[in-house]
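Trainee: I would like the atomic coordinates for the input below:
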Amino acid sequence: AFIFEIYYIYYRSMILKSFLYINLGAVHVPSYALELTLKDSGNSTCLYAKWQMDFTVYYETTNKTQKNVTISDFGTVTYNGSICGDDQNGPKIAVQFGSGFSWMVNFTKMASSHYSIHNISFSYNTSDKTIFPDAEDKGIITVLEVPEITIPLNEIFRCNSLSTLKSNNVVQHYWDVHVQAFVQNGTVSTKEFLCSKDNTSTTVAPTIHTTMPSPTTKPTPKERPETGNYLVNSTNGICLLATMGLQLNITQDKVASVINIKPNTTDITGSCQPQTALLRLNSSTIKYLEFVFAVKNENRFYLKEVNFSMYLVNGSVFSIANDNLSYWDAPLGSSYMCNKEQTVSVSGAFQINTFDLRVQPFNVMEGKYSTATAQECSLDDDTILIPIIVGAGLSGLIIVIVIAYLIGRRKSYVGYQTL
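Mentor: Here you go, the predicted model:
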């Protein structure tokens, strides 16, 4: 039988950390951590993990309204089902807390030199009247995420930065993560493998309207992408509409590439909340392309955030996120439209070109775009040509008058005429 050494540390210090959580606003990080040292039958350490996490669950109430609750105080925690792994099963961390809540992460050995955090599952119980007193649907619900993080053997994975996983109804946050699933010779490694956010030497900082760096090889020109219709459904029907052609521009190691999104091979998911809306696209090569919309000043919406991750040909993963954007601004109750090519600059290494764009992430009625006048982008606004033409005409007329006046005045001073 395996011997477990389980440590649950509760820090009572008054140190508070705050983060700008996606869709949640600024909140305080709970002041505790989970720590697990797992040993095999030979009393040698086979797995070590220390991390912090919380969960925000969105649910529908009996009054047909949307609510959310953040689960951060786990109370008494158990680790039943955690294993070192064997030839048939990989290592696993299993955590149980509260009334019917559980969290589990599975690790898979990929080769002789690497392993992966294969999937993460979280189960919550909407029958818990203390946490979900007015939930419409009762029972245990499980969400599964597949981060596919690859880690070298005999290195400890470290990610102090905030990481976010989002499904339709759950937002998961992780930070201060240290984990080694395949401990060699019973000794936790001192060599760290950093996540992209901690590795400042390789992480591209989120920027706005950054000029794309000059690539060593220029991308092959791509034809105009096919326009797709992307719909997000809620319990009350379609809640988000998007029509657009999408073209991705990626620069990796000074090599630029262009990828057109094919609507017929793209899966669509998302969610709608009173203040935010999410459109998530993924395919066989794209892990996710997320567009996050937000309400500002209670009367307008805009594109606030883009998150992107895809598998590259060499087997690595290219990921970029920017939650400080300001595109596609339009009044609530209407849509944003831009027929001509428009560029959303997510970072210096990643831009999105859109074609025939129209989006309405809020106040969708009967599954159709609003009949209110759409907010058009400046590229489509041809009315600016009229004042330009009028101004040019007036300027030309003024120049002609001035020249005629100068010529006439010069002739009047030629000399005196004989009477």
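
Trainee: for stretch 258-269, what is the average pLDDT?
Mentor: Mean per-residue pLDDT for stretch 258-269: 93.

Trainee: what's the end-to-end length of that stretch?
Mentor: Separation of the first and last residues of stretch 258-269 by C-alpha to C-alpha, to the nearest Å is 24 Å.

Trainee: ditto for stretch 145-160
Mentor: 20 Å.

Trainee: same question, stretch 342-360
Mentor: Taking C-alpha to C-alpha, stretch 342-360 runs 17 Å from one end to the other.

Trainee: outline the domain layout of the chain.
Mentor: Per automatic domain parsing, the structural domains of the chain span 3-194, 227-376.

Trainee: relative to residue 403, which of these is closest?
Mentor: domain 227-376 (39.4 Å; C-beta to C-beta). To be clear about C-beta, it is placed using only N, CA and C from the backbone, and glycine gets the same treatment.

Trainee: distance from the chain centre to the closest one, please.
Mentor: Distance of domain 227-376 from the chain centroid (C-alpha atoms, centre = their mean, to the nearest Å) equals 10 Å.

Trainee: quote the end-to-end distance of it.
Mentor: Domain 227-376: ends 18 Å apart by C-alpha to C-alpha.

Trainee: list the helices and strands the host helix or strand of residue 165 packs on?
Mentor: Taking DSSP states H and E as the criterion, residue 165 maps to strand 163-166. In this structure, strand 163-166 makes packing contacts with strand 170-180, judged by 3 or more C-beta pairs under 8 Å, 6 or more residues apart in numbering; DSSP states H and E.

Trainee: which other helices and strands contact the strand it packs on?
Mentor: strand 18-21, strand 45-60, strand 114-125, strand 156-159, strand 163-166.

Trainee: give me the sheet partners of that strand and which way each runs.
Mentor: Partners of strand 170-180 in the sheet, by DSSP bridges, are strand 45-60 (antiparallel), strand 156-159 (antiparallel), strand 163-166 (antiparallel).

Trainee: residues contacting the last one, please?
Mentor: When contacts are taken as C-beta atoms under 8 Å, 6 or more residues apart in numbering, the neighbours of strand 163-166 outside the stretch itself are 21-22, 120, 145, 147, 171-175, 177, 195, 197, 278, 280, 290.

Trainee: I'd like the distance from it to the chain centre, please.
Mentor: Taking the mean of its C-alpha atoms, strand 163-166 sits 8 Å from the chain's own mean (C-alpha atoms, centre = their mean).

Trainee: any buried residues in that strand, and which?
Mentor: By 16 or more other C-beta atoms under 10 Å, the buried positions in strand 163-166 come out as 163-166.

Trainee: would you turn those residues into a markdown table with distance to residue 131?
Mentor: Compiled in a markdown table, these are given as follows (distance: C-beta to C-beta, whole Å):
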| residue | distance to residue 131 |
| --- | --- |
| 163 | 24 |
| 164 | 21 |
| 165 | 20 |
| 166 | 20 |
